[in-house]
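Q: Pasting a predicted model and its sequence here:
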Amino acid sequence: MSMGAESLQKSESLQELIDLLAERLQRSVALDDVALNLIAASRHFGDEDTVRVQSILGRGVDPELQAQVLALGIADLDGPRRIEPPVGLGAKPRICAPVRCAGVLLGYLWLIDDECITAEDLRDTALVADQTGMILYRRELFLQRRQARASSLLRDLISADEPTRAAAAHEALDEELVPPDTEVTIGIIAPRDPTGEGLSDALLQTAQHGTSMSTTPAILCLPRSHELVVLVAHPSEGAAQEPDKVMHRLMANAAERTRTSAMVGVGDRRSRLTDAHRSYQEAVVAVRAARFLSRTDDVVTWDSLGVYGLLARLDPQELALGAPAMPLARLAASRNGDVLLATAETFLDLAGSMRRSAEALHIHRATLYQRLARIEEVTGLDLDDGGDRLTLHLGLKLARLTGGVPTADRGGSTIVDNPRRSS
């Protein structure tokens, strides 16, 4: 007995549609987006295979399988068709029904095929695909409009113009995009490879994903060509870790879509929406520092930067031309300059402790004394003098933020390695 159009028209839930079809056919049904990421799935009827289980557990398939399946030409199907999956995957044959609306491909319906599917079953599958397409199309339009509005408001909230910020804050609250009585935190997600193909589109998709994640906390995203600005509005009490959780989830989403690792700079939280621009300015500094500093975590917060937070506010060109640059240039150009630079930074980071410095560098103290004497000889600085120590230490930190140490005889640079990895 066919499901009938009436029961479908009453359903506005994707999950309900998938479950209706699954119960009607007595077989499991799955709905994927165009990239084969799982949107919804029914319960199993004993017909599942390894690929279906992995898809449900991982919310998608691995990139290699994704490429193989898409290469079968499923995007060009004009209705439900039987698909033979690539050999060796342990996957059963499937019925694939493209999901479209207004000529736009929005996803795929999948049935595991036991060769008992009738023509009537295929008609019901096509009917569900059409209804699913209308729901996905409306959802896509809603998300696009909401994302466009969120981008516009966030752009104004971080503007340098105070009246613009005030107007944007009023509109965001009035339109209930941001709830009242919340604190706000700004983060900037930046892929480490800014030259990747399709980067802008991938960041836009991550932004749309962010706007659909939840309403608590509220999330506004502003995608740019090489980065994604994210505002998280969270309750003043009881959600101290919420911004970090959101940033990690969106960073992972961006990394998956851009096929490259990403980093995040996060500003301090602010108690007023009109102060979001201050958190944004801190996030700019934090993500700039994250690009060059050796970190165990790709999420760098403003309050973790210490002296880097002050130095990273300066213009990179001014940093390279600063007074501390010349001693470093001489040190970098000397014999075994990279080893001496690592030794100097470790020694100064550990407050001049000979014992801890020797241990960190895995060398004998006598060797450390010899290196420090050589550093003083090359730089002309006295490491027993507080001012000279500060000059060298600041120079090393500035070099971190500019990505290297300028040499004395040419315009190139020698990259400073992590001192705790040098010997």
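A: Happy to help now that I have it.
Q: Distance check, the residue nearest to L372 when sequence neighbours are not counted against G267.
A: Spatial nearest neighbour of L372, excluding adjacent residues (C-beta to C-beta, 6 or more residues apart in numbering): L383 at 6.0 Å. All C-beta spots, glycine's among them, are computed from the backbone N, C-alpha and C. Distance of L383 to G267, given as C-beta to C-beta, to the nearest Å: 36 Å.
Q: who has more neighbours, those two?
A: Counted by other C-beta atoms under 10 Å, L383 and G267 do not tie: G267 has more neighbours, with 26 against 17.
Q: ok, the more buried one - contacts?
A: 185-187, 278-283, 286, 302 (C-beta atoms under 8 Å, 6 or more residues apart in numbering).
Q: Mind checking which of those residues are buried?
A: 185-187, 278-283, 286, 302 (16 or more other C-beta atoms under 10 Å).
Q: Can you pull up the most central residue in this protein?
A: For the chain, the residue sitting closest to the mean C-alpha position, by C-alpha atoms, centre = their mean, is M251 at 1.8 Å.
Q: Compute the distance from the centre of stretch 190-205 to the centre of its chain.
A: Centre-to-centre, stretch 190-205 and its host chain are 10 Å apart (C-alpha atoms, centre = their mean, to the nearest Å).
Q: same deal with stretch 260-271?
A: Using C-alpha atoms, centre = their mean, the offset of stretch 260-271 from its chain centre is 10 Å.
Q: Go through that stretch and flag the buried ones.
A: Buried positions in stretch 260-271, judged by neighbour count with 16+ other C-beta under 10 Å: 260, 262-270.
Q: Between the two ends of that stretch, how far is it?
A: Across its full length, stretch 260-271 reaches 34 Å between end residues, using C-alpha to C-alpha, to the nearest Å.
Q: repeat for stretch 330-341
A: Its first and final residues considered, stretch 330-341 spans 10 Å by C-alpha to C-alpha.
Q: same deal with stretch 257-271?
A: End to end - C-alpha to C-alpha - stretch 257-271 spans 33 Å.
Q: again, but for stretch 82-98
A: Using C-alpha to C-alpha, the two ends of stretch 82-98 sit 12 Å apart.
Q: What are the contacting residues of it?
A: By C-beta under 8 Å, 6+ apart, stretch 82-98 touches 47, 49-51, 65, 68-69, 72, 74-75, 77-81, 105, 107-115, 117, 122, 125-126, 128-129.
Q: Would you map out the domains in this protein?
A: Structural domains annotated on the chain: 5-137, 158-311, 316-421, as defined by automatic domain parsing.
Q: ok, D76 - contacts?
A: If a contact means C-beta under 8 Å, 6+ apart, then D76 has no contacts.
Q: The same query, at a cut-off of 10 Å, please.
A: 98, 105 (C-beta atoms under 10 Å, 6 or more residues apart in numbering).
Q: what's the spacing between it and I39?
A: D76 is 21 Å from I39, by C-beta to C-beta.
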